[in-house]
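1. Sequence plus predicted model, see below.
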Amino acid sequence: MAEYKCFNCGKIVKEEQIKKRVRCIYCGYKIIFKTRSQPTVVQAI
């Protein structure tokens, strides 16, 4: 389940909310990007 973030207002938009048209449901902006998770840092022993 992917989450996207609006470039204009910064709100999180769920994948099912943008199935038919790629616009922010809050402000109507057209640029939405996929958020990235924080990388896990593993230290070798």
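-> Cool, the structure landed. Everything numeric here is computed off the predicted structure, so don't read it as measured data. Numbers count the residues shown, from 1 in each chain.
2. any idea how far the nearest residue to Ile32 once chain neighbours are set aside is from Glu16?
-> Computed as CB to CB, 6 or more residues apart in numbering, the closest residue to Ile32 that is not its neighbour in sequence is Tyr4, at 4.5 Å. C-beta here means a position set from N, CA and C on the backbone, and glycine is covered the same way. Per CB to CB, to the nearest Å, Tyr4 is found 11 Å from Glu16.
3. between these two, who's got more neighbours?
-> Here Tyr4 and Glu16 are compared on neighbour count by other CB atoms under 10 Å; more neighbours surround Tyr4, at 18 against 8.
4. So the more buried one: helix, strand or coil?
-> strand (DSSP: H, G, I helix; E, B strand; the rest coil).
5. please renumber so the chain begins at 116
-> Fine by me, first position is 116 from now on; the one you just mentioned is Tyr119.
6. In contact with it, which residues?
-> 127-130, 133, 147-150 (CB atoms under 8 Å, 6 or more residues apart in numbering).
7. So what sits opposite it in the bridge?
-> Val128, Lys149 (DSSP bridges).
8. Surely Tyr141 touches Lys126?
-> Yes - under the criterion of CB atoms under 8 Å, Tyr141 makes contact with Lys126 at 4.9 Å.
9. any idea how far the closest residue to Ala117 other than its chain neighbours is from Val137?
-> Spatially, and ignoring its direct neighbours in sequence, Ala117 is nearest to Glu130 (4.6 Å; CB to CB, 6+ apart). For Glu130, the distance to Val137 (CB to CB) stands at 11 Å.
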